[in-house]
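> fold the stuff below for me.
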Amino acid sequence: MLMRLFATLYLDEDVSALVATLLRARGVEVITVREKDRLGEPDEDQLAFAAALGHCILTHNRLDFEELHDQYIASGKKHWGIVIASRRNPYEIARRVAILLDTLTADEIEGQLLYI
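Below is the predicted model of the structure:
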């Protein structure tokens with residue numbers, strides 16, 4: 001089994017598109033809800049889509065995604081990580097995400113609920 005070093009991100013619709021631009025400039029593979037034409041889809045569908053892609057999801061929506069994480073754990077389902085970002089300016093969010101991705105491998109993020 002190959003070790004996944006670098007996490008890839010799926011940005012929820014509530015995360016500024018500027019965060020995607022800033023992270024791409026740092027070499028991070030990022031896709032957004034808007035780019036995949038999934039605006040308005042329920043959070044559970046967004047997480048399932050990210051999981052199917054093998055991407056970690058970045059969101060500001062703490063309550064819903066904490067609940068979804070608990071549901072995944074309870075049912076034995078797999079996701080590639082949920083990163084919940086406090087609402088800050090996009091530059092600060094991108095900086096914090098970059099630090100996280102420099103610190104943890106994709107395998108270490110898999111199945112985790114993380115806060116930045």
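> which SSE is the residue nearest in space to the middle of the chain in?
Centroid check for the chain by CA atoms, centre = their mean gives Ile57 as the closest residue, at 1.9 Å. Per DSSP states H and E, Ile57 falls inside strand 56-59.
> in this structure, which spans are helices?
In the chain, the helices defined using DSSP state H lie at 17-25, 43-53, 62-75, 90-103, 106-109.
> what about Trp80, neighbour count?
24 (other CB atoms under 10 Å). All C-beta spots, glycine's among them, are computed from the backbone N, C-alpha and C.
> so what's it up against?
Trp80 is in contact with Ala7, Thr8, Ala50, Ala51, Gly54, His55, Cys56, Ile57, Ala106, Ile109, Glu110, Gly111, counting by CB atoms under 8 Å, 6 or more residues apart in numbering.
> kindly reformat those as a markdown table containing distance to Val33 and pLDDT.
Below are the contacts of Trp80 laid out as a markdown table (distance: CB to CB, whole Å; pLDDT from 0 to 100):
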| residue | distance to Val33 | pLDDT |
| --- | --- | --- |
| Ala7 | 17 | 90 |
| Thr8 | 14 | 94 |
| Ala50 | 10 | 98 |
| Ala51 | 14 | 97 |
| Gly54 | 16 | 95 |
| His55 | 11 | 97 |
| Cys56 | 14 | 97 |
| Ile57 | 9 | 98 |
| Ala106 | 20 | 94 |
| Ile109 | 19 | 97 |
| Glu110 | 21 | 96 |
| Gly111 | 22 | 97 |
